[in-house]
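K.L.:
sequence first, predicted coordinates after that:
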Amino acid sequence: AELAIAVRRREFVVHYQPIVELASGACIGAEALVRRRHPDGSLESPDRFIPLAEESGQISAITDMVVELVARDLGEALRADPDLHVAVNFAADDMKGGRLLQMLDRTLAREGIPARQVWLEATERGFMDLDSASATISAARRRGHAVAIDDFGTGYSSLQYLQTLPLDALKIDKAFIETIGTASAKSAVTLHIIEMAKSLGLWTVAEGVETQAQADFLLRHGVDCAQGWLFSKPLPAGQFLAY
């Protein structure tokens with residue numbers, strides 16, 4: 001009930017975590033991350049309310065709000081720099097049917113933002129209905145959107161998704177990045193994920209990069225981009241544009 005009130009009152013803001021090209025050090029985009037802003041000004045992490053929104057059928061309303069906020073916050077910057085992109089996360093319900101793409105079409109056309117500058121990200125859970133997800137992804141790519149699988153390696157059918165879905169990019173989960181340079185068994189998996197992505201021709205983005213040693217390792221092994229606290233925490237729109 002509290003979440004329903006928050007949706008009705010539009011108590012949500014978007015922060016933007018810079019995505020940095022490892023070879024050049026240039027910021028080429030951002031991931032849009034939603035926050036709930038309580039009436040007292042405090043912010044609530046999406047980890048607390050997104051699962052509930054998915055369970056209660058309120059996630060589509062939040063998705064629509066996020067897209068509107070992104071278009072408002074970054075529209076001018078995206079129109080001014082055609083090489084800049086913003087990645088938006090979508091839930092499993094968003095990946096079913098054509099509602100999501102119709103909403104994106106309307107919003108981006110109104111703001112004059114090319115589809116290729118808005119990337120779609122979904123976790124493996126969002127791809128569980130493979131037929132529906134594949135149809136949505138194919139339609140999105142025909143419009144010019146790039147599509148990425150997020151938090152890769154944390155689900156159960158990762159390889160099947162990579163082999164079946166027409167994806168553009170793979171985001172390597174922080175759980176693998178933080179093992180770089182350690183004796184963890186996951187550190188070897190990180191290299192396998194990178195090589196697999198490269199063999200499939202996928203763009204690679206490492207999440208949760210916190211040290212220069214991690215960034216150097218990723219660059220050395222051909223990872224394209226990274227995001228994480230080494231570069232910047234998620235920022236309000238004004239601060240991201242300044243960054």
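P.N.:
Sure, I can see it. Remember, predicted model here, so these are calculated numbers, not experimental data. Residues are numbered from 1 along each chain as shown.
K.L.:
helix or strand right after the lowest-mean-pLDDT helix or strand in the chain?
P.N.:
Least confident element among the helices and strands of the chain, by mean pLDDT, DSSP states H and E: helix 158-164 (a mean of 74). Following helix 158-164 in sequence order, the next helix or strand is strand 169-172 (DSSP states H and E).
K.L.:
give me the helices and strands touching the least confident helix or strand of the chain, please.
P.N.:
Judged by 3 or more CB pairs under 8 Å, 6 or more residues apart in numbering; DSSP states H and E, helix 158-164 is in contact with helix 130-143, strand 147-152, helix 186-199. Using the backbone N, CA and C atoms, a C-beta is placed for each residue, glycine as well.
K.L.:
only the buried residues of stretch 103-119, if you could.
P.N.:
103, 104, 107, 108, 111, 113, 115, 117, 118, 119 (16 or more other CB atoms under 10 Å).
K.L.:
and for stretch 179-199?
P.N.:
Buried residues in stretch 179-199, counted by 16+ other CB under 10 Å: 179, 180, 186, 187, 190, 193, 194, 196, 197, 198.
K.L.:
need the residues that contact it.
P.N.:
152-153, 159, 162, 170, 172, 175-177, 204, 213-214, 217-218, 221-223 (CB atoms under 8 Å, 6 or more residues apart in numbering).
K.L.:
picking up where we left off before, which of the buried residues of stretch 179-199 scores worst on pLDDT?
P.N.:
For the buried residues of stretch 179-199, the model is least confident at residue 186; its pLDDT is 71.
K.L.:
list the helices and strands the helix ranked longest in the chain packs on?
P.N.:
Determined from DSSP state H, the single longest helix within the chain is helix 59-80. With contacts taken as 3+ CB pairs under 8 Å, 6+ apart, helix 59-80 sits against helix 2-8, strand 12-21, strand 27-37, helix 46-56, strand 85-89, helix 99-111, helix 237-242.
K.L.:
any idea of the pLDDT on residue 73?
P.N.:
Confidence for residue 73, expressed as pLDDT, is 97.
K.L.:
mind listing what it touches?
P.N.:
14, 16, 237.
K.L.:
ok, now how distant is the second one from residue 168?
P.N.:
With distances taken as CB to CB, to the nearest Å, residue 16 is found 20 Å from residue 168.
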